[in-house]
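J.: Let's see this in three dimensions:
(one chain, ligands or ions: 2)
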Amino acid sequence: MEANVNVRDFEAAAKAVLDPVHFDYFASGAQDELTVRANEAAFRRLALVPRILRGHKPPRLGRTVLGSQASMPIMIAPTAFHRLAHPDGERASVRAAAEAGVIMIAAMLATVAIEDMADEARKVAEEPVLWFQLYLQPDLGFTEAIVRRAEAAGCTALVVTVDSPALGRNERGDRNDFHDLPPGIRCENLRESGGSVRGVVLSPEISWRHLDWLRGITRLPIVLKGVLHPADAELAQRRGIDAIIVSNHGGRQLDGTPPAVDRLRVIADVVGGELPLLVDGGIRRGTDVVKTLALGATAAAIGRPVLWGLAAGGEDGVARVLDLLRIELLNALTLCGCDSVESVPRDLVIQGAM
Ligand SMILES: Cc1cc2nc3c(=O)[nH]c(=O)nc-3n(C[C@H](O)[C@H](O)[C@H](O)COP(=O)(O)O)c2cc1C
Ligand SMILES: O=C(O)C(=O)c1ccccc1
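T.: Residues are numbered from 1 along each chain as shown. Ligands and ions are numbered 1, 2, ... in the order given. Take a look at the predicted model:
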(Lines give C-alpha, C1' and ligand atoms only; values in the text may rest on other atoms or scores of the structure.)
(Ligands and ions follow the chains in the order given, each with its own letter.)
Protein backbone atom coordinates (compact mmCIF):
# COMPACT_ATOMS: atom_id res chain seq x y z
CA MET A 1 0.00 0.00 0.00
CA GLU A 2 2.98 2.33 0.53
CA ALA A 3 3.35 2.65 -3.22
CA ASN A 4 -0.11 4.15 -3.63
CA VAL A 5 0.54 7.86 -4.12
CA ASN A 6 -2.82 8.83 -5.58
CA VAL A 7 -6.40 7.62 -5.80
CA ARG A 8 -5.79 5.94 -9.16
CA ASP A 9 -3.16 3.72 -7.59
CA PHE A 10 -5.86 2.47 -5.25
CA GLU A 11 -8.05 1.59 -8.20
CA ALA A 12 -5.28 -0.62 -9.57
CA ALA A 13 -4.65 -2.12 -6.14
CA ALA A 14 -8.37 -2.90 -5.76
CA LYS A 15 -8.49 -4.51 -9.16
CA ALA A 16 -5.55 -6.71 -8.23
CA VAL A 17 -7.19 -8.09 -5.08
CA LEU A 18 -10.90 -8.20 -5.85
CA ASP A 19 -12.93 -10.99 -7.39
CA PRO A 20 -13.37 -9.68 -10.97
CA VAL A 21 -17.16 -10.00 -10.65
CA HIS A 22 -17.13 -7.72 -7.62
CA PHE A 23 -14.66 -5.30 -9.20
CA ASP A 24 -17.03 -5.09 -12.18
CA TYR A 25 -19.95 -4.39 -9.85
CA PHE A 26 -18.08 -1.41 -8.36
CA ALA A 27 -16.61 -0.12 -11.63
CA SER A 28 -19.55 -0.59 -13.92
CA GLY A 29 -22.28 1.74 -15.04
CA ALA A 30 -25.39 1.49 -17.15
CA GLN A 31 -25.32 0.18 -20.72
CA ASP A 32 -22.46 1.73 -22.74
CA GLU A 33 -21.03 3.45 -19.63
CA LEU A 34 -20.94 6.72 -21.56
CA THR A 35 -21.78 8.65 -18.42
CA VAL A 36 -19.24 6.78 -16.27
CA ARG A 37 -16.50 7.95 -18.62
CA ALA A 38 -18.02 11.41 -19.11
CA ASN A 39 -17.97 12.13 -15.36
CA GLU A 40 -14.19 11.84 -15.25
CA ALA A 41 -13.64 13.41 -18.67
CA ALA A 42 -15.58 16.52 -17.64
CA PHE A 43 -12.90 17.43 -15.11
CA ARG A 44 -10.27 17.27 -17.84
CA ARG A 45 -12.20 19.92 -19.78
CA LEU A 46 -12.20 22.34 -16.86
CA ALA A 47 -9.12 24.47 -16.32
CA LEU A 48 -8.01 26.35 -13.22
CA VAL A 49 -6.83 29.95 -13.49
CA PRO A 50 -4.88 30.68 -10.30
CA ARG A 51 -4.33 34.09 -8.73
CA ILE A 52 -0.85 35.17 -7.63
CA LEU A 53 0.90 36.93 -4.75
CA ARG A 54 -2.09 36.83 -2.44
CA GLY A 55 -0.06 36.61 0.74
CA HIS A 56 -2.38 34.16 2.49
CA LYS A 57 -1.87 31.77 5.35
CA PRO A 58 -2.17 28.09 4.37
CA PRO A 59 -5.84 27.51 3.40
CA ARG A 60 -8.39 26.30 5.93
CA LEU A 61 -10.21 23.21 4.71
CA GLY A 62 -13.07 22.99 7.21
CA ARG A 63 -16.65 23.43 6.10
CA THR A 64 -20.08 23.31 7.71
CA VAL A 65 -22.66 21.30 5.80
CA LEU A 66 -26.29 21.34 7.01
CA GLY A 67 -25.10 22.43 10.41
CA SER A 68 -22.47 19.69 10.70
CA GLN A 69 -18.83 20.56 10.89
CA ALA A 70 -16.64 18.66 8.41
CA SER A 71 -12.85 18.73 8.29
CA MET A 72 -12.95 19.26 4.54
CA PRO A 73 -15.48 19.71 1.74
CA ILE A 74 -15.18 16.06 0.72
CA MET A 75 -17.85 13.57 1.74
CA ILE A 76 -18.41 9.87 1.28
CA ALA A 77 -21.22 9.12 -1.20
CA PRO A 78 -23.50 6.20 -0.36
CA THR A 79 -22.41 2.97 -2.02
CA ALA A 80 -23.97 -0.44 -1.44
CA PHE A 81 -22.32 -3.67 -0.30
CA HIS A 82 -18.98 -2.66 1.26
CA ARG A 83 -18.43 -6.20 2.52
CA LEU A 84 -17.87 -7.24 -1.10
CA ALA A 85 -14.76 -5.04 -0.99
CA HIS A 86 -13.46 -6.09 2.42
CA PRO A 87 -14.70 -8.39 5.21
CA ASP A 88 -14.95 -5.42 7.62
CA GLY A 89 -17.18 -3.63 5.12
CA GLU A 90 -18.87 -0.44 6.30
CA ARG A 91 -17.35 -0.82 9.78
CA ALA A 92 -13.98 0.00 8.24
CA SER A 93 -15.18 2.81 6.00
CA VAL A 94 -17.17 4.55 8.73
CA ARG A 95 -14.22 4.38 11.14
CA ALA A 96 -11.93 5.96 8.55
CA ALA A 97 -14.52 8.66 7.85
CA ALA A 98 -15.12 9.45 11.52
CA GLU A 99 -11.41 9.52 12.28
CA ALA A 100 -10.87 11.96 9.41
CA GLY A 101 -13.81 14.19 10.36
CA VAL A 102 -15.48 13.40 7.05
CA ILE A 103 -19.26 13.18 6.62
CA MET A 104 -20.32 9.72 5.49
CA ILE A 105 -23.63 8.93 3.82
CA ALA A 106 -24.48 5.38 4.84
CA ALA A 107 -26.28 3.40 2.14
CA MET A 108 -29.64 1.83 2.88
CA LEU A 109 -28.17 -1.22 1.13
CA ALA A 110 -25.19 -1.42 3.48
CA THR A 111 -23.92 -4.81 4.58
CA VAL A 112 -23.42 -3.55 8.16
CA ALA A 113 -26.46 -2.30 10.09
CA ILE A 114 -26.80 1.47 10.56
CA GLU A 115 -26.76 1.00 14.35
CA ASP A 116 -23.45 -0.88 14.13
CA MET A 117 -21.98 1.77 11.83
CA ALA A 118 -22.92 4.50 14.31
CA ASP A 119 -21.43 2.54 17.22
CA GLU A 120 -18.23 1.99 15.28
CA ALA A 121 -17.95 5.67 14.37
CA ARG A 122 -18.39 6.74 17.99
CA LYS A 123 -15.45 4.56 18.99
CA VAL A 124 -13.10 6.87 17.08
CA ALA A 125 -14.79 10.30 17.18
CA GLU A 126 -16.91 12.20 19.67
CA GLU A 127 -19.35 13.60 17.17
CA PRO A 128 -19.09 11.62 13.96
CA VAL A 129 -21.44 12.80 11.23
CA LEU A 130 -23.47 10.08 9.59
CA TRP A 131 -26.25 10.68 7.11
CA PHE A 132 -28.58 7.94 5.90
CA GLN A 133 -29.42 7.25 2.25
CA LEU A 134 -32.92 6.06 1.53
CA TYR A 135 -34.69 4.46 -1.41
CA LEU A 136 -38.30 5.48 -0.71
CA GLN A 137 -40.33 2.29 -0.73
CA PRO A 138 -43.95 2.12 -1.88
CA ASP A 139 -44.53 0.31 1.43
CA LEU A 140 -44.62 3.41 3.64
CA GLY A 141 -44.68 1.35 6.82
CA PHE A 142 -41.38 -0.19 5.84
CA THR A 143 -39.97 3.20 4.86
CA GLU A 144 -41.02 4.75 8.16
CA ALA A 145 -39.48 1.89 10.16
CA ILE A 146 -36.11 2.36 8.45
CA VAL A 147 -36.27 6.14 8.95
CA ARG A 148 -36.87 5.56 12.67
CA ARG A 149 -33.83 3.28 12.78
CA ALA A 150 -31.66 5.93 11.12
CA GLU A 151 -32.93 8.58 13.55
CA ALA A 152 -32.39 6.36 16.57
CA ALA A 153 -28.85 5.56 15.40
CA GLY A 154 -28.10 9.29 15.41
CA CYS A 155 -28.03 10.03 11.69
CA THR A 156 -28.34 13.77 11.15
CA ALA A 157 -29.80 13.90 7.61
CA LEU A 158 -31.79 11.73 5.23
CA VAL A 159 -30.51 11.48 1.68
CA VAL A 160 -33.30 10.39 -0.63
CA THR A 161 -32.06 8.97 -3.92
CA VAL A 162 -34.38 10.27 -6.62
CA ASP A 163 -32.62 9.14 -9.80
CA SER A 164 -33.85 5.57 -9.47
CA PRO A 165 -37.45 5.09 -10.60
CA ALA A 166 -36.01 1.83 -11.96
CA LEU A 167 -32.63 0.15 -11.74
CA GLY A 168 -30.22 1.06 -14.56
CA ARG A 169 -29.39 -1.69 -17.06
CA ASN A 170 -26.04 -3.04 -15.95
CA GLU A 171 -24.64 -5.25 -18.70
CA ARG A 172 -21.45 -6.23 -16.89
CA GLY A 173 -23.64 -7.47 -14.05
CA ASP A 174 -25.78 -9.42 -16.50
CA ARG A 175 -22.76 -11.00 -18.22
CA ASN A 176 -21.34 -11.97 -14.83
CA ASP A 177 -24.74 -13.16 -13.65
CA PHE A 178 -24.26 -10.98 -10.56
CA HIS A 179 -27.70 -10.40 -9.13
CA ASP A 180 -27.38 -11.34 -5.48
CA LEU A 181 -24.98 -11.16 -2.57
CA PRO A 182 -22.84 -14.20 -1.76
CA PRO A 183 -23.79 -16.35 1.25
CA GLY A 184 -22.93 -14.70 4.57
CA ILE A 185 -23.35 -11.15 3.29
CA ARG A 186 -26.72 -9.43 3.40
CA CYS A 187 -28.33 -6.01 3.55
CA GLU A 188 -28.37 -5.55 7.31
CA ASN A 189 -30.77 -2.59 7.20
CA LEU A 190 -33.30 -4.88 5.54
CA ARG A 191 -32.89 -7.81 7.90
CA GLU A 192 -36.49 -7.59 9.16
CA SER A 193 -37.56 -8.46 5.64
CA GLY A 194 -34.89 -11.11 5.05
CA GLY A 195 -31.88 -8.98 4.11
CA SER A 196 -32.11 -9.68 0.39
CA VAL A 197 -31.48 -6.85 -2.06
CA ARG A 198 -34.24 -8.41 -4.19
CA GLY A 199 -36.77 -7.07 -1.71
CA VAL A 200 -35.91 -3.47 -2.61
CA VAL A 201 -38.44 -1.78 -4.85
CA LEU A 202 -37.31 0.97 -7.20
CA SER A 203 -40.66 2.32 -8.36
CA PRO A 204 -41.61 4.92 -10.98
CA GLU A 205 -44.66 5.70 -8.86
CA ILE A 206 -42.53 7.49 -6.25
CA SER A 207 -43.35 11.20 -6.50
CA TRP A 208 -43.16 14.57 -4.75
CA ARG A 209 -46.12 13.43 -2.65
CA HIS A 210 -43.85 10.84 -1.03
CA LEU A 211 -41.38 13.60 -0.21
CA ASP A 212 -44.20 15.62 1.36
CA TRP A 213 -45.12 12.53 3.38
CA LEU A 214 -41.49 12.08 4.47
CA ARG A 215 -41.27 15.77 5.39
CA GLY A 216 -44.28 15.18 7.64
CA ILE A 217 -42.89 12.20 9.55
CA THR A 218 -39.34 13.35 10.34
CA ARG A 219 -37.57 16.46 11.53
CA LEU A 220 -34.27 15.44 9.96
CA PRO A 221 -33.04 17.57 7.08
CA ILE A 222 -33.91 15.97 3.73
CA VAL A 223 -31.36 15.91 0.92
CA LEU A 224 -32.34 14.94 -2.64
CA LYS A 225 -29.67 12.91 -4.42
CA GLY A 226 -29.67 12.69 -8.19
CA VAL A 227 -30.84 16.10 -9.40
CA LEU A 228 -29.62 17.20 -12.87
CA HIS A 229 -32.35 19.61 -14.05
CA PRO A 230 -32.52 23.15 -12.65
CA ALA A 231 -36.34 23.02 -12.71
CA ASP A 232 -36.21 20.07 -10.29
CA ALA A 233 -33.80 21.96 -8.06
CA GLU A 234 -36.29 24.81 -7.96
CA LEU A 235 -39.17 22.44 -7.16
CA ALA A 236 -37.08 20.88 -4.40
CA GLN A 237 -36.38 24.27 -2.92
CA ARG A 238 -40.08 25.20 -2.96
CA ARG A 239 -40.98 21.89 -1.29
CA GLY A 240 -38.72 22.64 1.64
CA ILE A 241 -35.93 20.25 0.73
CA ASP A 242 -32.79 21.12 2.68
CA ALA A 243 -29.99 20.29 0.22
CA ILE A 244 -29.38 18.83 -3.21
CA ILE A 245 -26.81 16.39 -4.52
CA VAL A 246 -26.17 17.01 -8.18
CA SER A 247 -25.43 13.50 -9.38
CA ASN A 248 -26.01 10.94 -12.11
CA HIS A 249 -25.39 8.05 -9.71
CA GLY A 250 -21.87 7.53 -11.00
CA GLY A 251 -23.29 6.69 -14.44
CA ARG A 252 -25.14 3.67 -13.10
CA GLN A 253 -28.70 4.73 -13.79
CA LEU A 254 -29.64 6.54 -17.03
CA ASP A 255 -26.72 6.23 -19.45
CA GLY A 256 -26.28 9.37 -21.54
CA THR A 257 -26.85 11.81 -18.69
CA PRO A 258 -24.41 14.72 -18.60
CA PRO A 259 -21.49 14.82 -16.17
CA ALA A 260 -22.81 16.03 -12.83
CA VAL A 261 -20.10 18.70 -12.55
CA ASP A 262 -21.34 20.24 -15.82
CA ARG A 263 -24.80 20.79 -14.25
CA LEU A 264 -23.52 22.61 -11.18
CA ARG A 265 -23.52 26.15 -12.48
CA VAL A 266 -27.04 26.08 -13.99
CA ILE A 267 -28.37 24.62 -10.76
CA ALA A 268 -26.40 27.03 -8.57
CA ASP A 269 -27.89 29.84 -10.65
CA VAL A 270 -31.47 28.86 -9.73
CA VAL A 271 -30.98 27.88 -6.08
CA GLY A 272 -28.39 30.63 -5.68
CA GLY A 273 -26.66 30.18 -2.36
CA GLU A 274 -29.89 29.31 -0.54
CA LEU A 275 -29.55 25.53 -0.56
CA PRO A 276 -26.32 23.66 0.04
CA LEU A 277 -25.33 22.06 -3.25
CA LEU A 278 -23.36 18.84 -3.18
CA VAL A 279 -22.03 16.98 -6.18
CA ASP A 280 -20.61 13.56 -6.97
CA GLY A 281 -19.28 11.63 -9.97
CA GLY A 282 -15.72 11.26 -11.20
CA ILE A 283 -13.96 13.13 -8.41
CA ARG A 284 -10.45 11.65 -8.18
CA ARG A 285 -8.21 14.62 -7.38
CA GLY A 286 -7.98 17.58 -5.04
CA THR A 287 -8.07 19.80 -8.13
CA ASP A 288 -11.41 18.18 -9.09
CA VAL A 289 -12.80 19.26 -5.71
CA VAL A 290 -11.57 22.83 -6.23
CA LYS A 291 -13.35 22.90 -9.63
CA THR A 292 -16.64 21.87 -8.01
CA LEU A 293 -16.27 24.57 -5.35
CA ALA A 294 -15.68 27.23 -7.99
CA LEU A 295 -18.81 26.05 -9.81
CA GLY A 296 -20.95 26.51 -6.72
CA ALA A 297 -20.71 23.28 -4.72
CA THR A 298 -20.60 23.33 -0.93
CA ALA A 299 -18.88 19.95 -0.94
CA ALA A 300 -18.06 17.08 -3.28
CA ALA A 301 -18.61 13.38 -2.59
CA ILE A 302 -16.63 10.34 -3.63
CA GLY A 303 -18.08 6.89 -4.34
CA ARG A 304 -15.72 4.43 -6.01
CA PRO A 305 -12.48 5.80 -4.49
CA VAL A 306 -13.71 4.72 -1.06
CA LEU A 307 -14.39 1.21 -2.35
CA TRP A 308 -10.90 1.09 -3.88
CA GLY A 309 -9.31 2.10 -0.62
CA LEU A 310 -11.43 -0.38 1.28
CA ALA A 311 -10.58 -3.25 -1.05
CA ALA A 312 -6.89 -2.44 -1.04
CA GLY A 313 -6.42 -1.93 2.68
CA GLY A 314 -9.60 -1.97 4.78
CA GLU A 315 -9.89 0.93 7.22
CA ASP A 316 -6.29 2.02 6.58
CA GLY A 317 -6.89 2.03 2.84
CA VAL A 318 -9.95 4.29 3.15
CA ALA A 319 -8.04 6.52 5.57
CA ARG A 320 -5.21 6.82 3.07
CA VAL A 321 -7.57 7.71 0.21
CA LEU A 322 -9.13 10.46 2.34
CA ASP A 323 -5.71 11.67 3.42
CA LEU A 324 -4.40 11.81 -0.14
CA LEU A 325 -7.41 13.85 -1.23
CA ARG A 326 -6.95 16.18 1.74
CA ILE A 327 -3.28 16.72 0.89
CA GLU A 328 -4.13 17.31 -2.77
CA LEU A 329 -6.93 19.73 -1.89
CA LEU A 330 -4.69 21.72 0.43
CA ASN A 331 -2.00 21.86 -2.24
CA ALA A 332 -4.46 22.85 -4.98
CA LEU A 333 -6.09 25.64 -2.95
CA THR A 334 -2.67 26.99 -2.00
CA LEU A 335 -1.51 26.98 -5.62
CA CYS A 336 -4.77 28.71 -6.65
CA GLY A 337 -4.16 31.52 -4.19
CA CYS A 338 -7.20 30.70 -2.03
CA ASP A 339 -7.13 30.93 1.76
CA SER A 340 -10.22 28.82 2.49
CA VAL A 341 -12.84 26.67 0.82
CA GLU A 342 -15.32 29.53 1.32
CA SER A 343 -13.30 31.92 -0.77
CA VAL A 344 -12.94 29.96 -4.00
CA PRO A 345 -14.01 32.48 -6.65
CA ARG A 346 -16.24 31.62 -9.61
CA ASP A 347 -13.64 32.85 -12.08
CA LEU A 348 -11.09 30.31 -10.87
CA VAL A 349 -12.48 27.81 -13.37
CA ILE A 350 -12.91 28.11 -17.14
CA GLN A 351 -13.73 25.68 -19.93
CA GLY A 352 -10.47 24.58 -21.51
CA ALA A 353 -9.57 21.19 -22.91
CA MET A 354 -6.49 19.38 -21.63
C1 LIG B 1 -20.76 0.23 -6.30
C2 LIG B 1 -21.64 1.41 -6.17
C3 LIG B 1 -22.81 1.30 -5.41
C4 LIG B 1 -23.64 2.40 -5.26
N5 LIG B 1 -24.75 2.28 -4.47
C6 LIG B 1 -25.54 3.37 -4.28
C7 LIG B 1 -26.66 3.28 -3.42
O8 LIG B 1 -26.95 2.24 -2.82
N9 LIG B 1 -27.42 4.39 -3.27
C10 LIG B 1 -27.14 5.57 -3.91
O11 LIG B 1 -27.86 6.55 -3.76
N12 LIG B 1 -26.07 5.67 -4.73
C13 LIG B 1 -25.27 4.60 -4.91
N14 LIG B 1 -24.18 4.72 -5.72
C15 LIG B 1 -23.86 6.02 -6.35
C16 LIG B 1 -22.94 6.86 -5.47
O17 LIG B 1 -23.61 7.36 -4.36
C18 LIG B 1 -22.36 8.07 -6.22
O19 LIG B 1 -23.41 8.78 -6.81
C20 LIG B 1 -21.34 7.70 -7.30
O21 LIG B 1 -20.62 6.56 -6.95
C22 LIG B 1 -20.39 8.88 -7.49
O23 LIG B 1 -19.51 8.63 -8.51
P24 LIG B 1 -17.98 8.11 -8.33
O25 LIG B 1 -18.11 6.65 -7.99
O26 LIG B 1 -17.42 8.36 -9.67
O27 LIG B 1 -17.33 8.90 -7.23
C28 LIG B 1 -23.33 3.62 -5.89
C29 LIG B 1 -22.15 3.72 -6.65
C30 LIG B 1 -21.32 2.64 -6.79
C31 LIG B 1 -20.06 2.80 -7.59
O1 LIG C 1 -25.54 -0.29 -7.40
C2 LIG C 1 -26.10 0.81 -7.23
O3 LIG C 1 -25.62 1.86 -7.68
C4 LIG C 1 -27.33 0.89 -6.46
O5 LIG C 1 -27.67 1.98 -6.09
C6 LIG C 1 -28.18 -0.28 -6.19
C7 LIG C 1 -29.57 -0.16 -6.26
C8 LIG C 1 -30.38 -1.26 -6.04
C9 LIG C 1 -29.81 -2.49 -5.77
C10 LIG C 1 -28.45 -2.63 -5.69
C11 LIG C 1 -27.63 -1.52 -5.88
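
J.: Return the residues in contact with the residue of the stretch 251-354 of the chain found nearest ligand 1.
T.: Across the stretch 251-354 of the chain, the shortest distance to ligand 1 (Cβ to the nearest ligand atom) belongs to Gly303, at 2.1 Å. The way it works is simple: take the backbone N, C-alpha and C, and place the C-beta from them, glycine included. Residues near Gly303 by Cβ atoms under 8 Å, 6 or more residues apart in numbering: 77-79, 250, 280-281.

J.: what's the nearest residue to it if we skip its chain neighbours?
T.: Excluding the flanking residues, the one nearest Gly303 by Cβ to Cβ, 6 or more residues apart in numbering is Ala77, at 4.1 Å.

J.: Can you give me the end-to-end span of stretch 21-39?
T.: 23 Å (Cα to Cα, to the nearest Å).

J.: separation between whichever residue of the stretch 151-300 of the chain sits closest to ligand 1 and Val279?
T.: Closest residue of the stretch 151-300 of the chain to ligand 1, Cβ to the nearest ligand atom: Gly250 (2.9 Å). Between Gly250 and Val279 the computed distance is 12 Å (Cβ to Cβ, to the nearest Å).

J.: Same drill for the two, tell me which one is more crowded.
T.: Val279 (32 against 23; other Cβ atoms under 10 Å).

J.: In a strand, that one, correct?
T.: Yes. Counting by DSSP: H, G, I helix; E, B strand; the rest coil, Val279 is part of a strand.

J.: Okay, and the beta partners of it?
T.: Val246, Ala300 (DSSP bridges).

J.: quick one: stretch 269-282 near ligand 1?
T.: Yes. For stretch 269-282, a contact with ligand 1 is found by Cβ under 6 Å from any ligand atom, at 280-282.

J.: How far does that stretch sit from its chain's centre?
T.: 14 Å (Cα atoms, centre = their mean, to the nearest Å).

J.: close to ligand 2, is it?
T.: No. If you take Cβ under 6 Å from any ligand atom as the test, stretch 269-282 misses ligand 2, and the best it gets is 11.6 Å.

J.: Flag the shaky bits of the protein, pLDDT-wise.
T.: Residue ranges of the chain with pLDDT under 70: 1-2.

J.: buried ones in the helix or strand Leu211 falls within?
T.: Element membership for Leu211 (DSSP states H and E) is helix 208-217. For helix 208-217, the neighbour count (16 or more other Cβ atoms under 10 Å) marks 210-211, 214 as buried.

J.: What is the helix or strand following it packed up against?
T.: Following helix 208-217 in sequence order, the next helix or strand is strand 222-227 (DSSP H and E). Contact here means 3 or more Cβ pairs under 8 Å, 6 or more residues apart in numbering; DSSP states H and E; on that basis strand 222-227 packs against strand 158-161, helix 208-217, helix 230-238, strand 243-246.

J.: Name the residues that touch strand 222-227?
T.: With Cβ under 8 Å, 6+ apart, strand 222-227 has contacts from 66, 78, 131, 133, 157-164, 211, 214-215, 232-233, 236, 240-249, 253, 267, 278.
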